[in-house]
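Colleague: 3D, please:
(2 chains)
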Amino acid sequence: DGGITQSPKYLFRKEGQNVTLSCEQNLNHDAMYWYRQDPGQGLRLIYYSQIVNDFQKGDIAEGYSVSREKKESFPLTVTSAQKNPTAFYLCASTRSVGVRQPQHFGDGTRLSIL
Amino acid sequence: GNSVTQMEGPVTLSEEAFLTINCTYTATGYPSLFWYVQYPGEGLQLLLKATKADDKGSNKGFEATYRKETTSFHLEKGSVQVSDSAVYFCALSESQTNAGKSTFGDGTTLTVKP
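Modeller: Purely as a prediction, here's the structure:
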């Protein structure tokens, strides 16, 4: 079955450390997204990518970085510059930009500070 | 810009009660509308969608009708079950000016008691 796989499910970060969250999709979708979800709150867009080797900042990009070297993969790095990284991170994809499609989501990675 | 406003929660109902979660939107173009459901510790799943005015989306006993005149997409279910306890998100996708991104409401937490 096609879908989005996020790993790991739980991740712990030490002070001053960068950590990378994995997101892989086998849906052949063009566009991919990263969201941050804090307890009891909605989704906030961190970064998105419409095609390979291109990505744009979302609403809360500071302290995060991404790459899109392959269509299937869109990893998110939480850098040491992100001072409050504890949250639930969701990756999503959609078939293509320019059509009004729903997004498909992974099961998320929960990041905590040690 | 685009925005989605959802009824504030949390909402607590007894089993077999009638459910309504209100959702209104603002969009610069002609959006598609979606309801997503999120169970604890998981990502969002598409519950239902509607792509044009007066369309009714339905799934698992849930329904919502695209009302262009009132810019609304209220979620309803005639008889809720304990298993419906989750967070519900209203969202829109409007491709013309928004690069295919979706705009999400803040989510409404539903708890159904036996």
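Colleague: which residues sit in contact with the closest residue to residue A:81 other than its chain neighbours?
Modeller: Spatial nearest neighbour of residue A:81, excluding adjacent residues (C-beta to C-beta, 6 or more residues apart in numbering or on different chains): residue A:63 at 4.4 Å. Every C-beta, even on glycine, is put in place using the N, C-alpha and C of the backbone. Neighbour list for residue A:63: A:78, A:79, A:81, A:82, A:83, A:85 [criterion: C-beta atoms under 8 Å, 6 or more residues apart in numbering or on different chains].
Colleague: So residue A:63 versus residue A:75, what's the distance?
Modeller: Per C-beta to C-beta, to the nearest Å, residue A:63 is found 15 Å from residue A:75.
Colleague: Same question for residue A:48.
Modeller: 14 Å.
Colleague: Neighbour count: those two, which is higher?
Modeller: residue A:48 (26 against 16; other C-beta atoms under 10 Å in any protein chain shown).
Colleague: so that one touches residue A:31, yeah?
Modeller: Yes. If you go by C-beta atoms under 8 Å, residue A:48 and residue A:31 touch, sitting 6.8 Å apart.
Colleague: which residue ranges form the helices in chain B?
Modeller: With helices called from DSSP state H, chain B shows them at B:95-98.
Colleague: which regions of it lie under the pLDDT threshold?
Modeller: For chain B, the stretches flagged by pLDDT under 70 are B:95-100.
Colleague: So which residues on it come close to chain A?
Modeller: Selection of chain B residues close to chain A by C-beta under 8 Å from any C-beta of the partner chain yields B:31-32, B:34, B:36, B:41-46, B:49, B:51, B:89, B:91, B:93-95, B:99-102, B:104-107, B:109.
Colleague: Show the buried residues in those residues.
Modeller: For the residues of chain B next to chain A, a burial check counting by 16 or more other C-beta atoms under 10 Å in any protein chain shown picks out B:31-32, B:34, B:36, B:42-44, B:46, B:49, B:89, B:91, B:93-95, B:100-102, B:104-107.
Colleague: Counting neighbours, what do you get for residue B:85?
Modeller: Counted with other C-beta under 10 Å, residue B:85 comes out at 16.
Colleague: swap in residue A:69?
Modeller: Residue A:69 has 10 nearby residues by other C-beta under 10 Å.
Colleague: Give me the pLDDT for it.
Modeller: Residue A:69 carries a pLDDT value of 97.
Colleague: before we move on, what about the one 10 residues further on?
Modeller: What the model reports as pLDDT for residue A:79 is 94.
Colleague: Name the nearest residue to residue 60, sequence neighbours excluded.
Modeller: Since you didn't name a chain, this refers to chain A. residue A:44 (5.1 Å).
Colleague: wrong one, I was asking about chain B
Modeller: Per C-beta to C-beta, 6+ apart, closest to residue B:60 is residue B:47, 7.3 Å.
Colleague: who's in contact with the one you found?
Modeller: Taking C-beta under 8 Å, 6+ apart, we find residue B:47 in contact with B:34, B:35, B:36, B:37, B:59, B:60, B:62, B:75, B:88.
Colleague: buried subset of the residues you listed?
Modeller: So, by 16+ other C-beta under 10 Å, the buried ones in these are B:34, B:35, B:36, B:37, B:62, B:75, B:88.
Colleague: give the contact list for residue 45.
Modeller: You didn't pick a chain, so chain A it is. A:33, A:34, A:35, A:58, A:59, A:60, B:101.
Colleague: I was after chain B.
Modeller: Applying C-beta under 8 Å, 6+ apart to residue B:45 gives the contacts A:105, B:36, B:37, B:38, B:39.
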